[in-house]
Structure formats: C-alpha cells, structure tokens
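**Q** need a 3D model of the sequence below.
(2 chains)
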Amino acid sequence: MKPGQTAVVSGFTDEQLSVKLLEMGFLPGVVVRFNYRAPLGDPICVHISGLDLSLRVEEASTITIID
Amino acid sequence: MRPARKKIALVGKPNSGKSSLFNQLTGLNQKIGNFPGITVDKRTGLSRLDEKTEAAVIDLPGTYSLYPRTIDERIVAEVLFDRRNPDFPDVIAVIADATNLKNCLLLLTQLIDLQLPAVLALNMMDLAAKSGLNLDINKLSAELGLPVIMINAREGKGIDRLKRALASASAASKKSVFDPASLSNLAVREVQEHFRLVSPYEAFQYLQQGDKLAFLAAADKAFIREVAIRHDFFLYKFQGAETIQRYTFIQGLLDKVIVKVPESDWKERSHRLDSVLTHRVWGYATFFVIMFLIFQSVFALAQIPMDAIDRGFAGLSSFLAQGLPDGPLFELISNGIVPGIGGIVIFIPQIAILFAFISILEETGYMSRVVFLMDKIMRKFGLGGRSVVPLMSGMACAIPAIMATRTIDNWKERLITIFVTPLMSCSARLPVFTILIALIIPEMRLLGFISLQGLALMGLYLLGFTAALLSALLMNMLVRARTRSYFIMEIPTYRTPKWTNVWFTIVEKTKAFVMGAGKVIIAVSIILWVLASYGPPEAMNNAREEVRDQSAGLKLTEEEYENRVAAYKLEHSYAGTIGKWMEPVIRPLGFDWKIGIALITSFAAREVFVSTIATIYSLGSTDESATIKDRLKDEINPETGNPRFTPAVGFSLLVFYTFAMQCMSTLAVVKRETKGWRWPILQLIYMTGLAYVSALIVYQVLA
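**A** Residues are numbered from 1 along each chain as shown, chains lettered A, B, ... in the order given. You can find the predicted model right below:
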C-alpha cells in the first residue's frame, strides 16, 4: 500500500499479534487508510475505525488486505 | 453520622480524559500509593457523591481491554477478577471518548459480561457534536442496560450528574454480549464451578490469563492449565473470536444509536500539523528545537530556586551548628541530616520543571509523535520509540526517568532503557563538570562567540549519550527477549494542554521522588557523615595539637586554623583511611587519596564531590567556586612538584564522573523497578568498570 490509499482488512498471518490488532479495531471487513510513513520509513500511521494508529511495518505486514 | 463509603474504580482507554475526570472527582484529595507487590502507582482519592455517600475512587491504568499489554495494565485484571482484593469496586465508572466510541466500548462490554455494576461517562461530547456526530443517549443506555452520563471532563461539566449516578448505581447490567460457552462450554463451566465465580466470562478470563494472575495460588493455576489442556482451550483463537463478537455487537449498537455519521473534517487541522511535525526534515528539526528549549529552561529556570535552597540549607546548617550545644547527636543533625535533606530538596525544582514540560508534551499529543519519529532509530540499539522520553528525562535526573520507563510494554526494551539511562549525564554531574572544566579548559572563545568550556560540557553530554546507546547495543545482544514487542499505539489528535493536569503530574512526580529516593539519600548521608567525621580515636583526638604543631611557624587566622583542623580530621577519619587504602587502585587513573575520599563520599550522590573537595583542601565554605578553583590550581603533586590537577588528571576525572554509577538513589529505584538486586548490582559493576577503564585509558594516553 502507498500513503493515501485505502484497503479492506481480510485477515492476519500472526495469531498472537492478531488479538492485539483486533482489539485496536482491525476487524476483517473494516476499511483501513494508510496515512503516512515516519520519515525513516518505519513505523507507519494508519487510520482505522475512527482512530489514527501507529504500528511498525513488521506488525502491519501480518495484516492481510484486499485492495 | 459518617457517610456510607463506596468504592469506585475508574477505567477507560488511554487519551480518553481519564485523569481529567479523576482530578474532577477527587480534587486535591489524592493519594499516591503502591499496589501490594507490584510497583505500579496507585492513585486514589476521596469524592463526595451526594449528602449521604462518600466514595473512595481508584484510578486504574488506562487500557483498551481486560487483556493487558503493559505491567501497568495488568493491575486492571488483578483488581477486577479478585473479589477479595481490597480495591475491588462496588461500582465502575467507565470513561469513553465520544468521538471514538467504538474502541472505548470494547472494555465496557467485557465489564458487562463480568456482571459488574458500571456507569458509562461519555466524554468529549463537544468534539463529537462539532464533527456532526449525534448520539441517542437514551437508546444507548437502554441497549447497554446501564446509566450513560454525558460529561466534559476538562471543564467539569456533568460531573455532578455522574456523581449522583455513581451513588445510586448498584446493580449490574443484565445484558450479555459475548457468551464464552459458545466456544468452550465444558472448560468454562468447570472453572466457574471450581472457583464459584459469578459469571461464565470470569471463568473464561481465568482460562485466558490464569497463569499471570498474582492472586491465584500455584495449585489454582495448575488446575486451570489442566482444564485448558483437557478441553482444548485455544488461547489466541478464542480471544480473537471474543473480540470479533464484541465488535459485531458494538457495530450493531452504534448503527442504532448514531443519528448522523461524523465527517472526519475536524481532524484535518491535526493532520496538517502532522505533515510538518512528522516531516523528514521539519519533524526532526522541531523535535531538536523543542528539546533544546526544554533543557535550556530546565537549567535556567531551576537555577534561581536551587541557589536559594542551597543557601537556605547551608545557612540552616551553620545556624544549627552554632546554636546547638556540642555533641555527636547535634553534630549529626547540623552536619549530617540537614545537608542530607538539602541534597534532596535541591533536585525538586529541576524535577518539577522537567515534568511540567513532559506533561505538556503528553497533554498536547506531541509525545506520541516523538515516539513515532524515533522508533526506528532507537530500535537499532535494542530500544524503542518509548525509550526516548526516559532517556531524555535522564539528562535531568535518572530517578524520575527510570520511573517513566513504565510506559514501555516490552520487558527487554524496558530493562535496557533502565540499564542505560544512568549513563545520560544528569544534572547532579553538572557541578562536578563545571568546576573541573573551569580548572583545565581555558576560558577562550572560538570565532568570538562559541565558548570552549561550553563546547567541552556539550562534549561530555554527548559522550554519556554515546555510551548509553552503545551499552544498549551490547545489552541487546546479551539479554534474551522474554516477550514480544508491540508497537501498536494510538496517535491522538492535537489538543491544548489542561493546566490542572500538568500541575497534578508535577506534584505526583515530585512526591514520588522525595518519598522514594529521599529515604535512601538521608540514610546514606548519615553513614557518610559518620565515616567522614569519625576515625581511629588516637588520631582524631590529637587533631588540634597536631595542626598547631605543624602550623606553628605560620600566622594563621582563627578561621584558617579551624579549616586546617577539619582537613586533618577528614584525612584521619575512616573515609580518609579508606581513601589512602585505595590509593594504589586509583593511582593509574592519576588520582591520589584526596580524590579517593571524594570518590567515596560521592558514591551516595556525585555532586558531593565539590563539597568534599572543599573540605579536604580546607576551604571551609563552598560558596565561591572561584576559590575552590584557585585552590585546586595551586595544589602541588608532591612527587613531581608540578600542579596536581594537570589536564590529564582533569580529563580522567571528568570521564570517570561521566560513566560511574555514583548515585545510591538510582540504584534504589532500579531495585524497586526490576524487583530485585540483580540488575542494580550488575549496573553498578558495569558502570564502575566502564568508568575505571575509560579513565585509565584517558590518563595513560594524556599523561
């Protein structure tokens, strides 16, 4: 994904991390928008269900999406 | 008649205005304590709910759900799952941010399933209304089965209605959101019956978190584990399923109660600010400018009160010394205890000012951006974005800095941060640096305006910072991770700070410092006073005669004579004896036994170096640093006949003080935070070793 794009969450590849992501609102079917990257490329800021969240790229990469 | 006392627990997600509400409910009737066995600050306060009811309000750490991420958050589970816990509430006040209802309601639905009486306080309704969000409050209350009160925690609106609702609330909601039986009926039922739990969800939580709950006995934990294995209880899968079910309920609920969907326009200003404040150039530039301004003001603003405190305690000490009759007890008071207390009070201005700034940065929401900006850089050293604040605070004082590491959820990151923070040059090193730099660096200016001495001072700070980062790198390779690191963090919208919250933070942190570190500082100053004032009796008793004999030919004033007696006594005291005994060890660093005495006394607190040096060189008073400097310049090394404080010795001492762990209070705080002596002792050995080796290299190369 590139900054500014939106996508739909479809699932997770890491079970342990998925419970934390679910709690923060990353639910399958919910729209997520990639806001911007930190200047060094990592972490990133995304917008999901009314919240701006920051997460590391390695964490974001466990979320599968459908464009 | 005494009013009835109710217990209220305040819960909610971070950034929802929880501390504002706590301050509104309790005012200044607050107390900071500790949860038994765990070093998490427990904020409690009294609140008058109505004519008949008084309540003890406990502020539980901000959390998104009952599944904890940090050690602080674990408290929420410990208190709410244990009905015998003294803090177990009669009613829970759940605060929710109306602009972000979805995330806030997750925790509330968990509390409903625990069948605990709760009241929902809807905060930030003004912002929600501005964004075009309209809520049907009555419907929300009916759907949840509990009272819903609209409040404005910052301005204190709606607090009275909330208090009345809390006073009358007693029954739990009859709704059920998530039914654990749908996932693992047998296991849940067995645990519920075994522990006689009120709700099946509590049993589900025991199965999920039983191993981590401190109030359960080992046999209970073993029982839970056995049940979980026997019935195929899948931790993560079930927890994920639970969260999805809850959000499905919440989405359905919001569809019913939201009258108009918000347009996220009001956040746009915040986003525009972020495009500058997290920019690859302007973001870092702003950050460094802010840091620079903070440190300048910490030093500049604190100077005046610190000087006043210094003078005040010195005056009190000499007033007592003259006013009180002679005798060891009175001497202990005037020369041991009073300066000891002064040594604590003198740090209050810096701690208060630093935490004022940190609190403002947190209140405005800028701190999350700092964490966001610095995470990648810090991770290269085994630290994380959240380590930035403690490391920065370490430049004022390591004690509050180490207390500030509690926001780091990953144990390894937190441990490394605690371990390296004391290497950051704290303000107590400043007096030592100032005097030594003045001694060995000429007062010159480069290009007409850059002070060479200032440059040297900055160099020492950079040296400490580099050492902290490199040590973190080393630790990162040696320590194995216990848990995974999460970074998922909310980036709140920018807000103007609420000044009463800033004030409460200042009071809280200052109190924690005075109470926590203060005791150790007093204890050690007393021990050091004994070491420095007592010695083998034959030498001590003859001090006056000896000095008179030695200085018979000199025409000394009364004061000069007394100063010489004091120096003689110190030389023959236990501290002096130890100093001479360790001279062979420190000689390779260029130090003699006089500096050795200063090293011993500054073990308690490094700034004592200056006053010890003053006593050793019989100055009597430490008021004018110019005199100390001149006196040190004149000191001759008897072996070479040259000045004692050559640049080599000065640099060696500077490097030693940059790295050495010379602060009992820091060790005490590290012990408290890591729950044991292992890490403080390792830290002491590591830092002393580093200091010794570096000073050795510096001296041997320069001399």
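
**Q** tell me who's in contact with the residue nearest the centre of chain A.
**A** With distances taken as Cα atoms, centre = their mean, residue A:60 lies nearest the centre of chain A, 5.0 Å away. Residue A:60 makes contacts with A:44, A:46, as judged by Cβ atoms under 8 Å, 6 or more residues apart in numbering or on different chains. For glycine as for every other residue, the C-beta is placed from the backbone atoms N, C-alpha and C.

**Q** again, but for the one 5 residues further on
**A** Counting by Cβ under 8 Å, 6+ apart, residue A:65 makes contact with A:1, A:7, A:8, A:9, A:10, A:32.

**Q** could you pick out the residues of chain A near chain B for me?
**A** Within chain A, the residues that sit near chain B (Cβ under 8 Å from any Cβ of the partner chain) are A:15-25, A:27-28, A:35-36, A:38-43, A:45, A:49-56, A:59.

**Q** out of the residues you listed, list just those in helices.
**A** Among the residues of chain A next to chain B, the members falling in helices (DSSP state H) are A:15, A:16, A:17, A:18, A:19, A:20, A:21, A:22, A:23, A:59.

**Q** and the helices in the stretch 51-200 of chain B?
**A** Assigned helices in the stretch 51-200 of chain B, in chain order: B:71-80, B:101-113, B:125-130, B:137-144, B:159-168, B:181-195, B:200-209 (criterion: DSSP state H, counting those that start in this stretch).

**Q** so residue B:66 touches residue B:204, yeah?
**A** No. Assessed by Cβ atoms under 8 Å, residue B:66 is found out of contact with residue B:204, at 10.4 Å.

**Q** quick one on the thing from earlier: so which of the contacts of residue A:65 is the most crowded?
**A** Within those, most neighbours by other Cβ atoms under 10 Å in any protein chain shown means residue A:32, with 22 neighbours.

**Q** where along chain B do the strands fall?
**A** Listed in chain order, the strands of chain B (DSSP state E) span B:4-12, B:30-34, B:41-48, B:53-59, B:91-97, B:118-123, B:134-135, B:148-150, B:258-260, B:445-446, B:450-451, B:489-490.

**Q** got the residues of the stretch 301-450 of chain B near chain A?
**A** So far as Cβ under 8 Å from any Cβ goes, the stretch 301-450 of chain B lies against chain A at B:368, B:371, B:372, B:373, B:375, B:376, B:377, B:385.

**Q** what's the most distant pair in those?
**A** Farthest apart among these by Cβ to Cβ are B:368 and B:377. That separation is 16.2 Å.

**Q** these two: which is more packed in?
**A** Neighbours were counted for residue B:368 and for residue B:377 using other Cβ under 10 Å; residue B:368 has more, 22 against 16.

**Q** please name the residues that touch the nearest residue to residue B:359 once chain neighbours are set aside.
**A** Distances taken as Cβ to Cβ, 6 or more residues apart in numbering or on different chains place residue B:505 nearest to residue B:359, at 3.9 Å, with adjacent residues excluded. Contacts for residue B:505 (Cβ under 8 Å, 6+ apart) come out as B:355, B:356, B:358, B:359.

**Q** can you count the residues close to the last one?
**A** As a burial measure, residue B:359 scores 22 neighbours (other Cβ under 10 Å).

**Q** neighbours of the residue lying closest to residue B:70 once chain neighbours are set aside, how many?
**A** In space, not counting the residues next to it along the chain, residue B:70 is nearest to residue B:409; the distance is 3.9 Å by Cβ to Cβ, 6+ apart. Per other Cβ under 10 Å, the neighbour tally for residue B:409 reads 22.

**Q** residues in contact with residue B:409?
**A** B:69, B:70, B:71, B:386, B:485, B:486.

**Q** one more: residue B:510?
**A** So residue B:510 contacts B:348, B:351, B:352, B:355 (Cβ under 8 Å, 6+ apart).

**Q** and the residue in chain A positioned nearest to chain B, how far is that from residue B:269?
**A** In chain A, no residue comes nearer to chain B than residue A:39, which is 3.5 Å away by Cβ to the nearest Cβ. Per Cβ to Cβ, to the nearest Å, residue A:39 is found 21 Å from residue B:269.
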